[in-house]
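S.K.: sequence-free structure coming up:
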């Protein structure tokens, strides 16, 4: 099933009423930042952007960062992103 809604605020207000859904984010990491971060923080050396975007450690680190930023900004649990898809 494909659903295309161009007014995102309307879509969000409608879909948030569905208790079965999590907030989902499509993430495109900065190619100038992610390799250095993955190397220094996660110990991943000489990885391509493609392999970094597929790496479960990297996905978890990105999601954790998004959640921490949301909490610091006062977002409630139900307002937080529940899962991400990472693309280059």
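M.R.: Here it is on my side, so go on. Quantities reported herein were computed from a predicted structural model and do not represent experimental measurements.
S.K.: scan this protein for its longest helix.
M.R.: The longest helix of the chain (DSSP state H) is helix 56-72.
S.K.: residues making contact with the helix or strand just after that one?
M.R.: Where DSSP states H and E defines the elements, the next helix or strand beyond helix 56-72 is strand 81-86. Around strand 81-86, the neighbours that count as contacts under C-beta atoms under 8 Å, 6 or more residues apart in numbering are 22-29, 53-54, 58-59, 62-63, 66-67, 70. In this view, the C-beta of every residue, glycine as well, is placed from N, C-alpha and C.
S.K.: same thing but at 7 Å, please
M.R.: With contact meaning C-beta atoms under 7 Å, 6 or more residues apart in numbering, strand 81-86 is reached by 22-27, 29, 53, 59, 62-63, 66-67.
S.K.: tell me what angle it forms with helix 56-72.
M.R.: Put simply, strand 81-86 runs at 140 degrees to helix 56-72, going by axes from the mean of the first three to the mean of the last three C-alpha atoms, to 10 degrees.
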